[in-house]
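Enquirer: with the input below, show me the fold.
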Amino acid sequence: MNNFAKGCGAGVLLLVTSQVTAHHSAAMFDKSSTVTLHGTVREFQWTNPHCFIQLLATDGGRTVEWSIEMGAPTLLFRLGWRPSTLQAGQKVTIVVHALRDGSPGGQFTSGTRADGAPIGPNFGGSTTP
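Expert: Here you go, the predicted structure:
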């Protein structure tokens, strides 16, 4: 293999690697603080590339839908989560790193069921490896 071919291969590898790193950025979340949400699961989306919890939470007397990002299904599965871990209509308390722009969304850090039992593992503030 000549040096030109090796150089082209290395260049392609660098481009692909930079795109993967950019995809996994969590810069949109405010990691310096957390928000605790009390609400009802509307939907638990077990999808690639990230799972999401759609949570209906009350804010000042009105219902607001929060979109809570999690890790990939393969990561969650390894940590003990299953597509049936959360069900629509389930009452939960979820702690998130909220979106910096103030939109109703965030990154899952921990959660509990209505009876106080934990929901899955505590990610310690990061759902993307």
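Enquirer: rest of the way, CA atoms for contacts and neighbours
Expert: Will do.
Enquirer: now stretch 61-78: average pLDDT?
Expert: Computed over stretch 61-78, the mean pLDDT rounds to 94.
Enquirer: now stretch 33-49: buried residues?
Expert: Neighbour counts using 16 or more other CA atoms under 10 Å place 34, 37, 38, 39, 40, 41, 42, 43, 44, 45, 46 of stretch 33-49 among the buried residues.
Enquirer: which stretches in this structure count as helices?
Expert: Assigned by DSSP state H, the helices in the chain fall at 3-23, 73-78.
Enquirer: which of those has the lowest average pLDDT?
Expert: The bottom spot among the helices of the chain, by mean pLDDT, belongs to helix 3-23, with a mean of 50.
Enquirer: how about stretch 85-94 as CSV, C-alpha atoms only?
Expert: This file holds the C-alpha atoms of stretch 85-94, laid out as CSV (Å, rounded to 0.1, in the frame of the first residue of the first chain):
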residue,chain,number,x,y,z
THR,A,85,-39.1,-0.3,32.4
LEU,A,86,-41.4,2.6,32.1
GLN,A,87,-45.1,2.5,31.1
ALA,A,88,-47.4,5.3,29.8
GLY,A,89,-49.4,6.6,32.7
GLN,A,90,-46.8,5.8,35.4
LYS,A,91,-46.2,8.5,38.0
VAL,A,92,-42.5,9.2,38.5
THR,A,93,-40.0,11.7,39.8
ILE,A,94,-37.1,12.4,37.4
